[in-house]
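A structural model of the following input is requested.
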Amino acid sequence: MDFTKLQPQAVWRHFAMLCRIPRASHHEGAVREAICEWARGRGLGVVIDEIGNLVLSKLATPGYEDRPGVVLQGHLDMVCQKNAGSTHDFLHDPVKVELRDGWLVADDTTLGGDNGIGVALALAVLESDEIAHPALEVLLTVDEESGMSGAHGVRADALQGRLLINIDTEDWGEFYLGCAGGADVVVDAAVESCVAPPGLQALRIVVDGLKGGHSGVDIHLQRGNAIKLLLRTLEGLSSAGLSFHLAALNGGSARNALPREAQALILASDDCMTALQQAVMAVETEIGDELAGVDDGFRLRVVPETVAPQRVLGDDDCCRILSALGIAPHGVRRMSTRVPGVVETSCNLGVVNVSPDRLQATLMVRSLLDSGTRNLAGEIISLFALAGFEAQATGHYPGWAPNPDSGLLALFQSVYRREFGGEAAVKVIHAGLECGILGATWPDMDMISFGPDIRGAHAPGERVEIDSVARAWHLLVAVLAAIPSPSGASGRVA
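The predicted structure follows:
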């Protein structure tokens, strides 16, 4: 891919670097060092904190010294998802991208536009000697996608700026002023196995072809959850009177991505093969009808295995696991009555790994209300306790409460109106932005979030629209130049 033909060139040059260097969560060291080397070469301030977050700084341009400092904020890591059959190694391979109909696309993997584009925009601002701006800090956190430990670990003395622009949302022409908080519910329990009965056929039941997507932004779209559909298939076999032994069940690979693929390894007798195939086909037809127009790529297959497992789950534990996972919540729990059209509380059954001796599962709960997160997480913990499995809530992060009187919002609206001749929408997003955590550390910091058009974040096929990146760049540059001095707005951005 030749990024040099894309505009603005500085933004795409930095994004090309991010595509070349792997940056999975907890593996951001290489990309951070590359950015540090570049920043030191330009004489920028460089600080790496004990968590691994990076803060870059640049003095105000002449005439802007008295204006409130600005923090541009994003995260270094990306969600690593790939299609079945892809040999891509997210720890070593560059992301392969191509230009298609005005969009930059990664077909078999996630692109990393979330949040690579935001990082690239911030670095391009630091690079320019022509942009007027107050004192700048760029905060690039680690581990946003797998727990937000980076944002949690930012020290209160790390930033001096009073205004924070988060560049981590995915709809151009919309300004975000609030987001959901959340927590993970993690199940990790030992179970009893037994020796696999002899003379049985090993089969793998596979669900794939689903779109997947972001577990917050896309949770309301009614897309299929591969884990849930696989559990439903196994329940269909039991309802048809077909006996089987479960040796393994695996699905999903990220807590914050809708599971696209899942599979179960089972043992069944040869004389029930025809009935089993027919039962699976019936479930496939039923689910396919339900997902028509939403997840048309859905597939449900039975694949014979040449090597039978030596151990399977005990019947009691198998029943308890399938029942608990089968009724575990997934999807929208409640729509907001305060912000019409926005999901208030949801749950994503994101990752499940069952072996003959262990159950592991992660469910991600999100809510605009901290009480909503706490209550739904408590329900899930109680559910698994009734089934005899211990679960715990971890990684809680707060939501970001909207401030409709934000001076930074008023400035963005004014500049957007002047530069683009229209009105931007003001939104609250059902996803976890780091603004909630950072706002708890700096409650007086004025914050806003915006970004270009990104589609399919957290799933293979993720894409970003080229022209919207140019518009986002234009807006960011114009806003920085328009930040008033305190004397010009009674000490408040307006």
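
Quick check: what element follows the strand ranked longest in the chain along the chain?
Using DSSP state E to define each element, the chain has its longest strand at strand 343-355. Sequence order places strand 358-367 as the next helix or strand after strand 343-355, per DSSP states H and E.

Distance check, the most centrally placed residue in the chain against Gly182.
Nearest to the mean C-alpha position of the chain, counting by CA atoms, centre = their mean, stands Asn256 at 4.8 Å. From Asn256 across to Gly182, the span is 9 Å (CB to CB, to the nearest Å). Heads up, the C-betas are built off the backbone N, CA and C, glycines and all.

so what's in contact with these two at the same time?
Contact criterion CB atoms under 8 Å, 6 or more residues apart in numbering; residues shared by Asn256 and Gly182: Gly216, Met364, Gly432.

show me the contacts for the first one.
Listed by CB under 8 Å, 6+ apart, the contact partners of Gly216 are Ala180, Gly182, Asn256, Val343, Ser346, Arg366, Ile429, His430, Ala431, Gly432.

farthest pair in those?
Asn256 and Val343 (14.4 Å; CB to CB).

hang on, isn't Met335 packed against Leu368?
No. Look at Met335 against Leu368 with CB atoms under 8 Å: they stay out of range, at 10.2 Å.

Where do the helices of this protein begin and end?
9-20, 29-41, 113-127, 149-152, 226-239, 273-291, 315-327, 370-386, 407-420, 435-441, 466-482 (DSSP state H).

from the ones you listed, which stretch is densest packed?
Among the helices of the chain, ranked by average contacts under mean count of other CB atoms under 10 Å, first place goes to helix 113-127 (a mean of 26).

tell me which strands and helices that one is in contact with?
Applying 3 or more CB pairs under 8 Å, 6 or more residues apart in numbering; DSSP states H and E, we find helix 113-127 packed against helix 9-20, helix 29-41, strand 70-75, strand 136-141, strand 454-455, strand 463-465, helix 466-482.

Rounded mean pLDDT for it, please.
Helix 113-127 comes out with an average pLDDT of 98.

now the angle between helix 466-482 and that helix, please.
40 degrees (axes from the mean of the first three to the mean of the last three CA atoms, to 10 degrees).

If you average the pLDDT over stretch 274-290, what comes out?
Per-residue scores along stretch 274-290 average to 96.

should've said stretch 311-330
97.

shaky segments in the chain?
Where the chain drops to pLDDT under 70, the residues are 487-494.

Domain boundaries for it, per the record?
With domains defined by automatic domain parsing, the chain comprises 3-180+400-488, 183-397.

Between the two ends of the last one, how far is it?
This means domain 183-397. Domain 183-397 has an end-to-end distance of 6 Å (CA to CA, to the nearest Å).

same deal with stretch 456-467?
End-to-end for stretch 456-467, by CA to CA: 17 Å.

circling back to that earlier point, looking at Met335 and Leu368, which one has more neighbours?
A direct count of neighbours by other CB atoms under 10 Å for Met335 and Leu368 places Leu368 higher, at 25 against 15.

State the distance from the more buried one to Ala470.
32 Å.

and if you look at Phe15?
13 Å.

Contact partners for the closest residue to Leu300 other than its chain neighbours?
Counting by CB to CB, 6 or more residues apart in numbering, Leu300 lies nearest to Glu284, which is 3.9 Å off, once chain neighbours are set aside. The contact partners of Glu284, taken as CB under 8 Å, 6+ apart, are Phe298, Arg299, Leu300.

in the stretch 51-200 of the chain, which spans are strands?
54-58, 70-75, 98-100, 103-105, 136-141, 163-166, 174-179, 181-190, 193-195 (DSSP state E, counting those that start in this stretch).

now the angle from the fifth one to strand 54-58?
Right, strand 136-141. Using the same axes, to 10 degrees, strand 136-141 lies at 170 degrees relative to strand 54-58.

Adjust the sequence numbering to begin at 134 for everything that follows.
All right, first residue 134 from here; so that's strand 269-274.

Output strand 269-274 in CSV with nothing but the alpha carbons.
Provided in CSV are the C-alpha atoms of strand 269-274 (Å, rounded to 0.1, in the frame of the first residue of the first chain):
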residue,chain,number,x,y,z
LEU,A,269,0.4,20.8,23.7
GLU,A,270,0.6,17.5,25.4
VAL,A,271,-0.2,14.2,23.7
LEU,A,272,-1.2,11.4,26.0
LEU,A,273,-0.9,7.9,24.4
THR,A,274,-2.0,5.2,26.8
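
what residues does it touch?
Residues contacting strand 269-274 (CB under 8 Å, 6+ apart): 165, 168, 186-191, 193, 202-209, 252, 255-256, 258-259, 281, 283-284, 287, 291-294, 567, 613.

In the sheet, which residues pair with Asp341? Tell me.
Arg432 (DSSP bridges).
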